[in-house]
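1. Structure for this input, please:
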Amino acid sequence: MTDALDPAAMREHYRSTPLDEAELPAEPMEQFVHWFKDAAAGRLHEPNAMVVSTATPDGRPSSRTVLLKHFDDRGFVFYTNYASRKGRELDANPHLSLLFPWHPLTRQVVVTGTAARVGRDETAAYFRTRPHGSQLGAWASPQSSVLASREELLRRYEELAGRYPAGAQVPVPPEWGGYRVTPETVEFWQGHENRLHDRLRYVRVPGSPAAGAWSGWPREPGPGRRGDAQYVRLPEAVLRPGPRTPGRCPGERGNPRARVPPRRKPAGRTGEPAGR
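-> Numbering: from 1, shown residues only. Model (predicted):
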């Protein structure tokens, strides 16, 4: 194998501005807005593309790239066929992760949480904004189903195009709609030279009285309460041996030596539960 095809020889030396936890906003969605704007301004190809990973109830995972179509304080929304593999898995096991791989910016955002179907009115409102061909495609393509040939798929599309010509209102397929991902953690990763990367993570505090906002760092005197819910923003650590630097996570992605020790909830402070 030549060096050009040897994955072990493929290396990029990152040059970027450190991610300073002191400058992060109190809420993760606000930080996501900042980075999403940077990704869009950087002319990345489909900055709203994200890898959605789901799993069966017995833990068998699957992943695919999906386009983010909306986000706000409630979470992240994407649309799909509910009868697809991801739809079936989410109905049986709502836990999932999202990954925004913004490689040209040496950044990525990882979200974990749970998904629930959005209302039909919200689905219909979005469906009306789709191009006519995409509306027909939602009917023609039985996601995750086996077809005899591509010609069968094209034949379905042409039949639909004849039934609903351009300008006609296409109804929303009954098995097509949106999912809203309510985040439990949101992690912001910034690559740096010598693999001394930054990884800062917002974590929902279990047992908070409501849902919707995020609190400050565990080192603050007491739990911050904003809006409807309580979260903590946690610095990740550390490659042992070596001193711990809050907010820094040395080690390559996927390096088994780079491990994060479990955090304990100190008395009188807000933090992750013991052993999380």
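
2. Run me through the strand neighbours of the longest strand along the chain, direction for each.
-> When the chain is parsed with DSSP state E, its longest strand is strand 176-190. As defined by DSSP bridges, the strand partners of strand 176-190 come to strand 75-81 (antiparallel), strand 107-117 (antiparallel), strand 198-204 (antiparallel).

3. Looking at these, which is nearest to residue 28?
-> With Cβ to Cβ, the closest approach to residue 28 among these belongs to strand 198-204: 3.9 Å. Bear in mind the C-beta positions are built from the backbone N, C-alpha and C, glycine included.

4. Tell me where the stretch 1-150 of the chain has helices.
-> For the stretch 1-150 of the chain, applying DSSP state H, counting those that start in this stretch gives helices covering 28-41, 85-92, 120-127, 132-140, 150-163.

5. out of those, nearest to residue 190?
-> helix 28-41 (9.3 Å).

6. Find the residue at the geometric middle of the chain.
-> residue 98 (2.5 Å; Cα atoms, centre = their mean).

7. Quick check: beta-bridge partners of that one?
-> Under the criterion used (DSSP bridges), residue 98 bridges to residue 52, residue 111.

8. That one touches residue 54, doesn't it?
-> No: using Cβ atoms under 8 Å, residue 98 is not in contact with residue 54, being 10.5 Å away.

9. what residue of the protein is the furthest out?
-> What lies farthest from the middle of the chain is residue 162; by Cα atoms, centre = their mean that is 37.7 Å.

10. Any stretches of the stretch 51-200 of the chain with poor pLDDT?
-> Counting by pLDDT under 70, the ranges of the stretch 51-200 of the chain that qualify are 144.

11. now do 80
-> 142-148, 192-197 (pLDDT under 80).

12. picking up where we left off before, what's the offset of the longest strand of the chain from the middle of its chain?
-> 4 Å (Cα atoms, centre = their mean, to the nearest Å).

13. Quick one: work out the angle between that strand and helix 28-41.
-> Using axes from the mean of the first three to the mean of the last three Cα atoms, to 10 degrees, one finds that strand 176-190 and helix 28-41 are set 90 degrees apart in direction.

14. what angle do strand 176-190 and helix 120-127 make?
-> Counting by the same axes, to 10 degrees, strand 176-190 lies at 80 degrees to helix 120-127.

15. List the buried residues in strand 176-190.
-> By neighbour count on 16 or more other Cβ atoms under 10 Å, the buried set for strand 176-190 is 176-190.

16. Ok, stretch 20-28 next?
-> Under the neighbour-count criterion of 16+ other Cβ under 10 Å, stretch 20-28 has 21, 24, 26, 27, 28 buried.

17. Quick one: the helices of the stretch 1-150 of the chain as JSON lines, columns for distance to residue 12 too.
-> Below are those laid out as JSON lines (distance: least, Cβ to Cβ, whole Å):
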{"stretch": "helix 28-41", "distance to residue 12": "18"}
{"stretch": "helix 85-92", "distance to residue 12": "31"}
{"stretch": "helix 120-127", "distance to residue 12": "37"}
{"stretch": "helix 132-140", "distance to residue 12": "35"}
{"stretch": "helix 150-163", "distance to residue 12": "37"}
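
18. Which one of those lies nearest to residue 108?
-> Residue 108 lies closest to helix 28-41 among these, at 9.5 Å (Cβ to Cβ).

19. how far is that closest one from where the chain is centred?
-> Relative to the centre of its chain, helix 28-41 is centred 13 Å away, using Cα atoms, centre = their mean.

20. pLDDT value on residue 254, please?
-> Predicted confidence (pLDDT) for residue 254: 43.

21. residues near the closest residue to residue 124 other than its chain neighbours, how many?
-> Spatial nearest neighbour of residue 124, excluding adjacent residues (Cβ to Cβ, 6 or more residues apart in numbering): residue 172 at 5.1 Å. The burial count assigned to residue 172 is 18, neighbours taken as other Cβ atoms under 10 Å.
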